[in-house]
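> one predicted model, sequence on top.
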Amino acid sequence: QLMEHGGGWVRPGTSMRLGCVGAGDIFWDYTVAWFRQIPGGDREFIGCISRSGGTTRYAESMQDRVSISRDNTLPMVYLQMPGLQAEDTAVYFCAAQNSEGLSDEPAKYKYWGQGTQVNVSS
């Protein structure tokens, strides 16, 4: 019920915007988050956005590096990443949960997209 859009290969310093689209009414009622994962690693919380889009929460390491927004009329949730670096190479996932809380725990999210690969290299 969730699908990520965007991704691919970019050079360091390039900006990228990922999109996450939800089927049906899922986005109206759900908090949506972005995670990323490198091979052999755990899923790393990037940030999340409340149902209305009025509140966001970011991982401390991501606070000044990314921004999350949503448009419930589409519906779509965006992850804007300016100035990507090689260490940002990972598979990026969006996830949704039907709680008001802005959790950073993957286990709290019931629905997941299949992920989209982002490669940053020169």
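Good, I have the coordinates. Every value quoted in this text rests on a predicted model; they were computed, and no experiment measured them.
> so residue 107: helix, strand or coil?
Here residue 107 is helix, with the state taken from DSSP: H, G, I helix; E, B strand; the rest coil.
> distance-wise, check it relative to residue 93.
14 Å (CB to CB, to the nearest Å). (C-beta placed from N, C-alpha, C; glycine too.)
> of those two, which one has the most company?
Shown here are residue 107 and residue 93; by other CB atoms under 10 Å, residue 93 has more neighbours (24 against 8).
> could I get the buried residue list for stretch 74-92?
Residues of stretch 74-92 classed as buried: 75-79, 81, 84, 88-92 (neighbour count, 16 or more other CB atoms under 10 Å).
> excluding residues flanking it in the chain, which one is nearest residue 33?
In space, and not counting its chain neighbours, residue 33 is closest to residue 48: 3.6 Å by CB to CB, 6 or more residues apart in numbering.
> tell me which element that neighbour is part of?
strand 44-49 (DSSP states H and E).
> just how off-centre is the following helix or strand past that strand within its chain?
Of the helices and strands lying after strand 44-49 in sequence (DSSP H and E), the nearest is strand 56-58. A distance of 11 Å separates the C-alpha centroid of strand 56-58 from that of its chain, computed with CA atoms, centre = their mean, to the nearest Å.
> related to what we said a few turns ago, out of the buried residues of stretch 74-92, which one has the lowest pLDDT?
Across the set of the buried residues of stretch 74-92, residue 75 stands lowest in pLDDT, at 87.
> dump the residue contacts of that residue.
Residues in contact with residue 75, defined by CB atoms under 8 Å, 6 or more residues apart in numbering, are 21-22, 26-28.
> same check on residue 13?
Residue 13 makes contacts with 83-85, as judged by CB under 8 Å, 6+ apart.
> phi and psi next, for it.
phi 90, psi -10 (degrees, to the nearest 10).
> how much space separates it from residue 83?
Residue 13 is 6 Å from residue 83, by CB to CB.
> ok, now residue 115?
The gap separating residue 115 from residue 83 is 22 Å, by CB to CB.
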